[in-house]
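Undergrad: sequence and predicted model, in that order:
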Amino acid sequence: MGEFFRVALAVAAKDLRVEHRSKTALVSAIAFAALVLVIFNFARDAAAVSREALAPSVLWITFSFSGVIALNRSFALERENAALDGLLLAPVSRSALFLGKYLANLAFVFTVEAVALPLFVLFFGVDLTGSLGGIVLTAVLATTGFVAVGTVFAAMTVRTRFAELMLPLLVLPFLLPPVIGAVQVTARLLAGRPLSEIAGWLRILGFYDLVFVTLCLLLFPPLMDE
Amino acid sequence: MLFADRLERRFGAARALRGVSLSVHAGECHLILGPNGAGKSTLLRLLAGLARPTAGSVTRPGGRRSIGLLSHQSQLYGDLTAVENLTFTARLYGVSDPGGQARARLAAVGLAERADEPVRGLSRGMVQRVAIARALLHGPNVLLLDEPFTGLDPQSSELTLGLLAAEQAAGQALVLVTHDAQEAWELATHAHLLVRGSWAFGGPREASLDGFLRRCREALHG
Amino acid sequence: MTETPAGRRATRRGLGIVALGLLGLAGVYVLALRYTPMERFQGLPQKIFYVHVPAAWSAMLAFSLVGIASALYLWLRDPRLDLFAESAAEVGLIFSMVMLTTGPLWGRPVWNTWWTWDARLTFTLILFFLFLGYRALRGALQDPGERARFSAVVGILGLVLVPFVHLTVYLFRTLHPQPIVLKPSSPSLPGEMLRTLLVSVGVYTVLLLGFVMTRYGLGAQARLEGGEDAR
């Protein structure tokens, strides 16, 4: 058991170290999120639709799309020199390898979201007092699920010619439940509703996470098993 | 050290390998030659454990950690330094003192001074040496090599040959897939020809390279 | 051009079942139009219900077949299971496309709108995208073993996703009530309507299985030829 986590952490640390070395991907992903927010500000009829009304949707589309874009790199870096073979050759559990990749992706996407959230507050004039904790919790719950599925799909699409198109095509249906739930929760939080009213949605998000993270951990070994 | 028994690899109707067996013992060096598409790389992947055979089995008495692989791609992360690459591999294999071992291995292939440079900036020959250091880091007793001399300048080829000879003398077993029998002929104890997924012939190496090449030509055009 | 006997047999049997199914479909039309009472509020257009519901059901059935075959493939690694999943996915894609295009074509004259986020249409739309993604991934991968493993994982994940989409979309809709279209207004279906519906579901299932079998047979032949060429 200890070895399982040791391997996962080694892989995650390696991924983050590679990312840290060039930082291009992280900066690009953050810039992407910022640009999406900017476009949303203008992509509406300001007289008819207030920023506040759109806010939850804008936040979640920004988060989810930036998240998906960020996932490709996690296996692209393994492809470069067939480094993935090196990982698969080692006498370690493939689920541990997946966990490492997944954790690194989570760290990456959380970082993007952590920068995008203040920008969102700034651009959309949203008041987060009282709801910040709830929004962060929702972000964690929603992101955890789709990053797991996205990591598995990234492992697959990196082998295809149009990875940048294939990955979103495959992942977006899986974004529906988390985004629907997250927007509902966010809208209520911003309107000052009590946490008890949204507990049901949070439970759904949590359940989604549990099911898909477990499933992805279980499916990764047969996926890699040539 | 490594035993393959009647390996078969197919998907549906298409067959890549059929009835391939191999026995590798300490200190032996098996050359595997064959035309493109013969299935050499597939065989190596099966021996390494990267792919599962459809039929037959591969036995590795020392477990998966007894195998090292040097393929024609380096399996290294270009943005990381040589030391960082090897330290990561050491951690993956649970080698104690990962950082120290990494440096030691790099020194053993003569790259102590370039150890802290990103791999991306190293020449092909140096990358090859880092890759060899990486493959040997966890102390395998069988080293699988996929065309290790391809794309190397003569100097690096010499160096690689020297490293491999030293390993072999120390008891390491080698399985070497190559296009060019001549390059590794002096190391070889056994030579095999793979044609369209099965052995055309193979066994202990004969004395004369020319004789062997003649047999190969006959097998391919016969 | 050689044909595998098993492939040819499957194609023949499949086509036979399809012929049967098409006859049944004609029967369903007759049944629905002549022998089923007219719905009080919606009139004639409501009858699309007897085609629409089974079509959505068939798409879901097809997707379940993909998911189950995918799981079995990952376990047993039998290429025939992969071929079966591929066949079911292709047929399911076509069924859902037909359902999604005929729905609006019927709905437009009656409700003055091309599209509604009706539960069945929405659900079939998601299935359509899952089928499409499955197919697109397969098309983008060359190695047959890789193609089989990867799409199997997509199939399994997709099947598990379906109940979650169902649940969240349903909850979304209860918060934003949309007109309930095409369903008879009474809470439980009167006997004759139920009968027609069940017959229709049966016919569509037969059609689905027939098409899948035919596609399977054709695929088996194509693979054999492809395999030989590759050598």
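TA: Received the coordinates, thanks.
Undergrad: show me what contacts residue 25?
TA: No chain specified, so I'll use chain A. Counting by C-beta atoms under 8 Å, 6 or more residues apart in numbering or on different chains, residue A:25 makes contact with A:19, A:70, A:73, A:108. (Each C-beta comes from the backbone N, C-alpha and C, glycine too.)
Undergrad: sorry, I should have been clearer: chain C.
TA: Residue C:25 makes contact with C:203-204, C:207, according to C-beta under 8 Å, 6+ apart.
Undergrad: kindly recompute the last result at 10 Å.
TA: C:51, C:54, C:200, C:203-204, C:206-207 (C-beta atoms under 10 Å, 6 or more residues apart in numbering or on different chains).
Undergrad: what's the neighbour count on residue C:164?
TA: Residue C:164: 21 surrounding residues under other C-beta atoms under 10 Å in any protein chain shown.
Undergrad: tell me the secondary structure at it.
TA: Under the three-state scheme (DSSP: H, G, I helix; E, B strand; the rest coil), residue C:164 adopts helix.
Undergrad: show me the helices in the chain, by range?
TA: In the absence of a named chain, chain A is used. Along chain A, the stretches classed as helices by DSSP state H are A:2-22, A:24-42, A:51-79, A:83-89, A:94-124, A:132-157, A:163-190, A:195-224.
Undergrad: was after chain B, sorry
TA: Using DSSP H, helices in chain B cover B:40-48, B:82-92, B:98-108, B:124-136, B:154-169, B:181-184, B:209-221.
Undergrad: the residue most central in space within chain B pairs with what?
TA: Note on chain B: the residue nearest the mean C-alpha position is residue B:145, at 1.3 Å, using C-alpha atoms, centre = their mean. Listed by DSSP bridges, the beta-bridge partners for residue B:145 are residue B:70, residue B:176.
Undergrad: just give me the neighbour total for residue A:82.
TA: 16.
Undergrad: contact partners for it?
TA: With contact taken as C-beta under 10 Å, 6+ apart, residue A:82 is in contact with A:88, B:69, B:71-76.
Undergrad: please redo it, this time with the cut-off set to 6 Å
TA: Neighbour list for residue A:82: B:73, B:75 [criterion: C-beta atoms under 6 Å, 6 or more residues apart in numbering or on different chains].
Undergrad: per-residue confidence at residue C:34?
TA: Looking at residue C:34, its pLDDT is 69.
Undergrad: flag the shaky bits of the chain, pLDDT-wise.
TA: You didn't say which chain, so I picked chain A. Applying pLDDT under 70 to chain A picks out no residues at all.
Undergrad: not what I meant, chain B
TA: Ranges of chain B meeting pLDDT under 70: B:12-13, B:222.
Undergrad: hmm, back to that, farthest pair in the contacts of residue C:25?
TA: Spanning the widest gap among the contacts of residue C:25 are C:51 and C:206, at 14.5 Å by C-beta to C-beta.
Undergrad: distance of the nearest residue to residue B:27 once chain neighbours are set aside relative to residue B:1?
TA: Nearest residue to residue B:27 in three dimensions, chain neighbours excluded: residue B:171, at 5.5 Å (C-beta to C-beta, 6 or more residues apart in numbering or on different chains). Counting by C-beta to C-beta, to the nearest Å, the gap from residue B:171 to residue B:1 is 9 Å.
Undergrad: who touches both of those two?
TA: Joint contacts of residue B:171 and residue B:1 (C-beta under 6 Å, 6+ apart) are residue B:26.
Undergrad: these two - which one has more neighbours?
TA: Between residue B:171 and residue B:1, counted using other C-beta under 10 Å, the more crowded position is residue B:1 (21 against 11).
Undergrad: just to check, the more buried one is in contact with residue B:141?
TA: Yes. The pair residue B:1 / residue B:141 is scored as a contact, 5.5 Å apart, by C-beta atoms under 6 Å.
Undergrad: got the residues of chain B near chain A?
TA: By the rule C-beta under 6 Å from any C-beta of the partner chain, the part of chain B lying against chain A is B:48, B:50-51, B:64-65, B:69, B:73-77, B:79, B:88, B:91-93.
Undergrad: hmm, try it at 7 Å
TA: Applying C-beta under 7 Å from any C-beta of the partner chain, we find that chain B lies next to chain A at B:48-52, B:63-65, B:69, B:71, B:73-80, B:84, B:88-89, B:91-94.
Undergrad: Throw together a PyMOL command that grabs the buried residues out of those residues.
TA: Here is the PyMOL command that picks out the buried ones among the residues of chain B next to chain A, judged by 16 or more other C-beta atoms under 10 Å in any protein chain shown:
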select buried, chain B and resi 48+49+50+51+65+69+71+73+74+75+76+77+78+79+80+84+88+89+91+92+93+94
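Undergrad: residues making contact with stretch C:77-96?
TA: The contact list for stretch C:77-96 (C-beta atoms under 7 Å, 6 or more residues apart in numbering or on different chains) reads B:11-12, C:55, C:58-59, C:62-63, C:65-66, C:69-70, C:72-73, C:124, C:127-128, C:131-132, C:134-135, C:138, C:148, C:151-152, C:155, C:208, C:211-212, C:215-216, C:219-220, C:223.
Undergrad: just the ones of those residues in helices?
TA: Counting by DSSP H, the contacts of stretch C:77-96 contribute C:55, C:58-59, C:62-63, C:65-66, C:69-70, C:72-73, C:124, C:127-128, C:131-132, C:134-135, C:138, C:148, C:151-152, C:155, C:208, C:211-212, C:215-216, C:219-220, C:223 to helices.
Undergrad: before I go, just wanted to say thanks for your time.
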